[in-house]
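Trainee: Return atomic coordinates for the entry below.
(chains A and B)
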Amino acid sequence: MSHYEVKAGPEAFLPPAAATMGNILPDPGEAHIGGKIVPEEEAYEHAARKILGAKVPTIFPGPLVLWKWNDHVAAKAKAIRELANEVPMRLIPMADYRPKYPKIDAAVEINPNHPNLTIWHNKIDVCIFIGVHCHQANLALKMIRASTNCYTMAMCAMAGHEDACLSFRDADLEKIQRLTAAVKKLKAEGVEVQANSFTQFQMDRSGFVVEPVN
Amino acid sequence: MNKQVDLKGKRVIASKHVKLGQKNRKGQTYTDVNDIFYKAEQTPNFLTGSEVIKEAIRRASVGTSVAYPITPQSEAAALIGELYAEDYLDEYFRGESEFAVMGQCAGASFGGHRVFTTTAGPGTLRAMENFPMWAGSRLPIQVCVTCRGINSPLSIQPDTLEMHYLLETGMLVWHAETAQDLYDYILKGFIVAEQPDVHVPIAVCCDGFFVTHTKDTVDLSPEELCLTPYNPYESPVTCMDMEIAPYRMMRDPFVMKSNYINYSTHASWQQEIKAAVERSRKHTIALLDGLIDEHNSDREILIVTSGTAVSQSREAIRLLEEEGIKVGLVKIKTVRPFPYEEIKRATKHAKHIFVPEFNVAGWMAREIKSTIPDNERVYCGPHVAGGMTMPSEVIVEEIKTHLGIKTAQNSR
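Mentor: Have a look, this model is predicted:
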């Protein structure tokens, strides 16, 4: 059977789930790039290069790292902020999975029911899912592949995602830090950050504390 | 279609559950499934299939089981009630109907319990709406389906037509040939269905009466070992709640507020369930030693089937061998995921492929026909239905007739 390469779209009106095309998830110690199983070490550098080469690299933190439901999660959230600061990358949360009505505010949130709207609005060309429940991540990853040209990556705490262009598995605190270290290493070797400048928005219950500036 | 998963002798990933090695309230030790089946000594017991279900559930760390009577699963459901009385389960009760039972199972599973139930025939069909709901909600509930006739006039006897209705529900569907299979599949089925990348329900099917009500020698793992518990924190979805973020799915069902994007989400959701079933291959192959078993599959004449039709075929092959007719056998263990590539490979050299089935539709033959090249090689039969037995001699007769070999029957 021919290898089904998972790459940035737009791929099709309704692309297939990569698992139904025969792609399998990595085992512990492995990752996948484009559907090909590779040693995890190889994926760190590949991911770091993708991030540094992007105009609008963005992290989508999900509920599993946005809410402090245990101490480990708090440490992970801090590590994610460090990664974002190191590049720098935008942080746009997927705070919950409810459909957004009457309409999503695509500048400050992403939702698994229409993730392409956030990608389009912010012109995101590389993104990382962290802390999104696997089912919802796979939904969103397929839809992003369907209709956007965004290169998707997943730092999955479970078994990984075939529907991302690149996926780690068992992504704990250490693995997030290793990705940050890979970014630092490439920068030290002279790889320049291609990201557009921006101001990270901040909100509280009353609205913006810092408005996004692209 | 799937590609062949090469496991290189790998086992399913060992449990890291916090309770691994600890004792439960019955003094059983929570043990990794690999150790239960591949390290612990298995002891032969002479049991009915219903008793085997009980013994599997005794070792399965099940939280909730819901029962409703319908032949031929009633005895198994009652025996699980005995386990509850002995304090092996947290919850056990009788539902109001099969539909209610499956809804109650969903509630228990949403709440984080490992859930097991049994049903059969018309009960399976009455419960049907719940099965794709379970799958769509990513609930790894196990239902043991003891297949029987579903149609009017009533038949309580074995018939596998109900399995056909389960094929596109998004559940894993495994088909046990023997009571031994049934024991193994129930315990291993929980482990595969609960993998975080799978996490869909599983129907462990067997042919009613032939398996449930006959005694057979079954190797059981030690009673003092039990599976590690279900870990709801490894679920690929949040706990479903009517009101509270992040899910609040029931109040905000995206399909009801329709526009293009919403339907795209729904399509992606359905794809994800199919993907989850596909992902189960890796774990299933490791635990069941492949999705199919093969015996002399390089022969020109093959029987490919599942369930007790396999047992009848084994004897038919022996009878044919006595007459110098060499026939190979492919036993299908999982119908979902379907072993497309495995069957394609195993039937590569076959000129005649026979598919004996205990149902009038011949759904298994259709599945095989849609899988392999040159599918005119597939002969859909012999069939029996409505509770008829399938004597091995009938299989022999039909094979010989199709091959143009004279028999007392076909030369009349």
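Trainee: Show me what the lowest-mean-pLDDT helix or strand in chain B is packed against.
Mentor: Using mean pLDDT, DSSP states H and E, the weakest-scoring helix or strand in chain B turns out to be helix B:260-288, at a mean of 90. Applying 3 or more C-beta pairs under 8 Å, 6 or more residues apart in numbering or on different chains; DSSP states H and E, one finds that helix B:260-288 makes contact with helix A:134-147, helix B:130-136, strand B:172-175, helix B:179-193, strand B:334-336. C-beta: built from backbone N, CA, C; applies to glycine.
Trainee: Which of the residues in that helix are classified as buried?
Mentor: When neighbours are counted by 16 or more other C-beta atoms under 10 Å in any protein chain shown, the buried residues of helix B:260-288 are found to be B:261-262, B:264-288.
Trainee: Is my assumption valid that B:Asp87 occupies a position in a helix?
Mentor: No. Assessed with DSSP: H, G, I helix; E, B strand; the rest coil, B:Asp87 is coil; it does not lie in a helix.
Trainee: Now do it against chain A, distance only.
Mentor: Per C-beta to the nearest C-beta, to the nearest Å, B:Asp87 is found 31 Å from chain A.
Trainee: hey, where'd the strands end up in the stretch 101-250 of chain B?
Mentor: With DSSP state E, counting those that start in this stretch applied, the stretch 101-250 of chain B shows strands at B:115-119, B:142-147, B:172-175, B:202-207, B:215-220, B:225-227, listed in chain order.
Trainee: where does chain A have low pLDDT?
Mentor: Residue ranges of chain A with pLDDT under 70: A:1-2.
Trainee: Mind jotting down where the helices sit in it?
Mentor: Under the criterion DSSP state H, chain A contains helices at A:40-52, A:63-66, A:71-86, A:115-122, A:134-147, A:173-188.
Trainee: and the ones you listed, which is most packed in?
Mentor: A comparison of these by mean neighbour count, using mean count of other C-beta atoms under 10 Å in any protein chain shown, puts helix A:134-147 on top with a mean of 27.
Trainee: quick one: that helix near chain B?
Mentor: Yes. Counting by C-beta under 8 Å from any C-beta of the partner chain, contacts between helix A:134-147 and chain B involve A:134-136, A:138-139, A:142-143, A:146.
Trainee: And the contacts of stretch A:116-127?
Mentor: Residues from elsewhere that reach stretch A:116-127 (C-beta atoms under 8 Å, 6 or more residues apart in numbering or on different chains): A:50-51, A:53-60, A:90, A:92, A:104, A:106-107, A:109-111, A:143-144, A:146-153, A:214, B:261.
Trainee: whoops, I mixed them up, stretch B:41-49
Mentor: By C-beta under 8 Å, 6+ apart, stretch B:41-49 touches B:55, B:75-76, B:146, B:179, B:182, B:206, B:211-222.
Trainee: interface residues of chain A facing chain B?
Mentor: With the criterion set to C-beta under 8 Å from any C-beta, chain A comes near chain B through A:1, A:14, A:16-20, A:22, A:24-25, A:27-28, A:63, A:95-99, A:101, A:112-114, A:116-117, A:133-136, A:138-139, A:142-143, A:146, A:158-160, A:162-163.
Trainee: Make a PyMOL selection of whichever of those residues turn out to be buried.
Mentor: In PyMOL syntax, the buried subset of the residues of chain A next to chain B is picked out as below (16+ other C-beta under 10 Å):
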select buried, chain A and resi 16+17+18+19+20+22+24+25+63+95+96+97+98+99+112+113+114+116+117+133+134+135+136+138+139+142+143+146+158+159+160+162+163
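Trainee: so is B:Ala56 in a helix, a strand, or just coil?
Mentor: Classification of B:Ala56 using three-state DSSP returns helix.
Trainee: what's the closest non-adjacent residue to it?
Mentor: The spatially closest residue to B:Ala56, leaving aside those adjacent along the chain, is B:Ile186, at 3.9 Å (C-beta to C-beta, 6 or more residues apart in numbering or on different chains).
Trainee: Is it correct that the one you found is in contact with B:Arg58?
Mentor: No. Using C-beta atoms under 8 Å as the test, B:Ile186 is too far from B:Arg58 to be in contact (10.7 Å).
Trainee: Compare those two (neighbour count), which wins?
Mentor: In this view B:Ile186 and B:Arg58 are compared by other C-beta atoms under 10 Å in any protein chain shown, and B:Ile186 has more residues nearby, 25 against 21.
Trainee: how much space is there between the more buried one and B:Asn24?
Mentor: From B:Ile186 over to B:Asn24 the distance is 18 Å, taken as C-beta to C-beta, to the nearest Å.
Trainee: Tell me what the residue nearest to the spatial centre of chain A is bridged to.
Mentor: Per C-alpha atoms, centre = their mean, the C-alpha nearest to the average position across chain A is that of A:Ile128, at 1.2 Å. For A:Ile128, the beta-bridge partners are A:Ile59, A:Met153 (DSSP bridges).
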